[in-house]
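*Asks:* The sequence isn't on hand, but the structure is:
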């Protein structure tokens, strides 16, 4: 069972993610996770005041079912398929993070310095990062799944622009802003 | 139940992203520092798989599961929304290390503080809806 419990090779997981997208197309839908955030807003009935949320979210229920399944998938992976011995990041990455005071992964998916301390600073960072993600993905009309995977594999120029934008933002954050924040 | 197949696809998606560490804050940091091929390999392989599949669907005029023709819509033209929206998204992605799919997956994986990210993301979506007509697209 080692092949299941260790970190999956990029070629296998990349193929399976492509397959997930194709399956959703075959089911007559599209692969895009950030639309669920719009559904969560529309569900509150705010569409009466803000036309953008006057949206048939019930017609998007299938997508909420996909993310609910994804949550269960995350649960299964951590509880039944997990072997924390081989998260092998580049040693240079780990060293760099140590210098910023960010803990080693040691099998964890997220650093305690950000996700396991309830300091106001961490909570503000998490909420602020979320706002950027929510606002940015809706403004750009999609996120990693909608643009990077669905859009690029359908050779969409707008998606290429968005993905280049994702990297401009990510590079600025990782290289210039993170060291200032931590 | 027509929705069961979506639930199963979701489970597969959640397991794959967790097991390949695409939901890992560390992997995203490593990716933006070009210190590993891992994330690029995942995204590249997913796109290559999708590209071949979509070409096959288009050329063979494959019908969907209900027998309807499959129509894959083109993205709208635009500039500002993609460059600016994309960059804002990237800033958030680089900061908290999770995009919308992984936010939900991490919650299921027991990283409860990601709920703050989800809260922010829903609020960010709300802000976009509020200011949509004032933004250049």
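*Replies:* Yep, that arrived. Computed from a predicted structure; not experimentally measured.

*Asks:* Quick one: list the elements packing against the lengthiest helix in chain B.
*Replies:* Longest helix of chain B, by residue count under DSSP state H: helix B:38-59. Counting contacts by 3 or more CB pairs under 8 Å, 6 or more residues apart in numbering or on different chains; DSSP states H and E, helix B:38-59 is packed against helix A:10-26, helix A:152-153, helix B:25-32. Bear in mind the C-beta positions are built from the backbone N, C-alpha and C, glycine included.

*Asks:* How about residues contacting that helix?
*Replies:* Where contact means CB atoms under 8 Å, 6 or more residues apart in numbering or on different chains, the residues beyond helix B:38-59 that reach it are A:10-11, A:13-15, A:17-19, A:21-22, A:25-26, A:144, A:148-150, A:152-155, B:20-22, B:27-28, B:30-31, B:62, B:70, B:72.

*Asks:* got any ranges where chain B has weak pLDDT?
*Replies:* B:1 (pLDDT under 70).

*Asks:* center of it - which residue?
*Replies:* For chain B, the residue nearest the mean C-alpha position is residue B:101 (5.6 Å; CA atoms, centre = their mean).

*Asks:* secondary structure class for that one?
*Replies:* State at residue B:101, reduced to three classes by DSSP: H, G, I helix; E, B strand; the rest coil: helix.

*Asks:* give me every residue that touches the closest residue to it other than its chain neighbours.
*Replies:* Spatial nearest neighbour of residue B:101, chain neighbours left out: residue A:33 (4.0 Å); criterion: CB to CB, 6 or more residues apart in numbering or on different chains. Each residue near residue A:33 by CB under 8 Å, 6+ apart is listed here: A:63, A:66, A:67, A:143, A:144, A:145, A:146, B:99, B:100, B:101, B:104.

*Asks:* that older thread, counting neighbours, which bits of the longest helix of chain B end up buried?
*Replies:* B:38-39, B:41-43, B:45-50, B:53-54, B:57 (16 or more other CB atoms under 10 Å in any protein chain shown).

*Asks:* is the next helix or strand after that helix anywhere near chain A?
*Replies:* Downstream of helix B:38-59, the next assigned helix or strand under DSSP states H and E is helix B:80-96. Yes. Looking at helix B:80-96 against chain A by CB under 8 Å from any CB of the partner chain, the contacts come from B:81-96.

*Asks:* Out of those, the closest to residue A:173 would be?
*Replies:* residue B:94 (3.0 Å; CB to CB).

*Asks:* contacting residues for that closest one?
*Replies:* A:169, A:170, A:171, A:172, A:173, A:174, A:177, A:178, B:28, B:29, B:32.

*Asks:* Next step: those restricted to helices.
*Replies:* Those of the contacts of residue B:94 lying in helices (DSSP H): A:169, A:170, A:171, A:172, A:178, B:28, B:29, B:32.
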